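Engineer: When you get a sec, could you give me coordinates for this:
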Amino acid sequence: MPILGLKIDVDTYEGMKNGVPSLLQTLKEFNIQGTFFLSIGPDNSGRAALQLIKNPLFLKKMMRTNAASLYGWKTALYGTLLPAPMIALSFREIVHDVIAAGHEVQFHAWDHRRWQDELPKKSEDWIRDWFDRGMAGFEKLTGRKPTAFGAPSWTIDDRVLSIIRQFKFDYLSCTRAKAPFIHEGINVMEIPSDLPCFEEIDRQRGVSIIIEKIKDGGIHVLPVHAEVEGGIYQNQFKALLKKALDENLEIVPLKIIKHKLDVKSLPIRKYEMKLLPGRHSSCAV
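Structural biologist: From the prediction side, this is the model:
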């Protein structure tokens, strides 16, 4: 039976406040569960304005996806003209709702925006402090340490993997590779997002494009964003879930995929960074 994993990233205050409750209702409607990767700390989304100048692909993406409708005008000012609010730390009750509904909850970010835009320029001490803050906040919210990490915007480097080793995660979901593998040098399983995001592909044909990629079987992971599928792409997401269930796909959180995989049979691979169609910056593949 084909397996579809749901990797749900929460990147912003708006996504946590409104997108997550919307997604919880959708997943309840279809009686399925997913994995929520939470951004814990400050929402510095307003700093993305710098990318509008530096990166023409980012401007193109913002126009194509109607970013104002996706994120709201306040999000565009957080961390600049408006103070940066805490994301998951502002919504303890919503985090508890996710857990109570039986979904898997894992660690995504402390400061998503700064990691996404500035990681190569940051020191190892900055990276370690970023993890320390995020892991502490996650434990404060959930009462436990996370057992998996999904890097913001699928952005990693060798320093990150070296630091990750100390946390002894059960698995990572940090790449857009085509199939699961073991990260070279740290011996940790990678469960990648092999399918495209809705905002990366044609909006009218998005459901059929994704279904075509998964209907022939195997293990696949759909990257979902609380701000997107929990917002203006909600109807497309529901249509995809209905179609997937009609095609007899098993829809699961990533921890189920982890248990189904035979670690000894997975290849050991070294990631590389690559610009994928519909993206504005390189992702690990």
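
Engineer: so where's the stretch 101-250 of the chain uncertain?
Structural biologist: Along the stretch 101-250 of the chain, the model assigns pLDDT under 70 to no residue.

Engineer: Just the pLDDT at Tyr271, thanks.
Structural biologist: In this model, Tyr271 is scored at 98, pLDDT.

Engineer: If you could redo that for Lys74, that was the one I meant.
Structural biologist: 74.

Engineer: same thing with the one 3 residues further on?
Structural biologist: What the model reports for Leu77 is a pLDDT of 70.

Engineer: For it, which non-adjacent residue is spatially closest?
Structural biologist: Distances taken as Cβ to Cβ, 6 or more residues apart in numbering place Gly46 nearest to Leu77, at 4.8 Å, with adjacent residues excluded. C-beta coordinates here come from the backbone N, C-alpha and C atoms, glycine included.

Engineer: Help me confirm that the one you found comes into contact with Pro85.
Structural biologist: No: counting by Cβ atoms under 8 Å, Gly46 sits too far from Pro85 to count as a contact (11.2 Å).

Engineer: circling back to that earlier point, look at the residue nearest to Leu77 and give its secondary structure.
Structural biologist: Applying DSSP: H, G, I helix; E, B strand; the rest coil to Gly46 yields a three-state assignment of helix.

Engineer: Now do the shared contacts for Gly46 and Pro85.
Structural biologist: Tyr78 (Cβ atoms under 8 Å, 6 or more residues apart in numbering).

Engineer: could you list every residue that touches the residue nearest to Leu77?
Structural biologist: If you count contacts by Cβ under 8 Å, 6+ apart, then Gly46 has 75-82, 84 around it.

Engineer: how about 6 Å then?
Structural biologist: Counting by Cβ atoms under 6 Å, 6 or more residues apart in numbering, Gly46 makes contact with 76-80.

Engineer: For it, give its distance to Gly15.
Structural biologist: 15 Å (Cβ to Cβ, to the nearest Å).

Engineer: Repeat that for Leu172.
Structural biologist: 22 Å.

Engineer: And those two? Which one has more around it.
Structural biologist: Gly15 (30 against 23; other Cβ atoms under 10 Å).

Engineer: pLDDT score assigned to the more buried one?
Structural biologist: 96.

Engineer: May I have the phi/psi pair for it?
Structural biologist: Here is the backbone geometry of Gly15 (degrees, to the nearest 10): phi -60, psi -40.

Engineer: Can you report how many residues lie near Val10?
Structural biologist: 32.

Engineer: Tell me which other helices or strands the biggest helix by length in the chain touches.
Structural biologist: When the chain is parsed with DSSP state H, its longest helix is helix 124-142. If contacts are counted by 3 or more Cβ pairs under 6 Å, 6 or more residues apart in numbering; DSSP states H and E, helix 124-142 sits against helix 158-164.

Engineer: Tell me which helix or strand comes right after the helix it packs on.
Structural biologist: Toward the C-terminal end, the helix or strand that comes next after helix 158-164 (DSSP states H and E) is strand 171-172.
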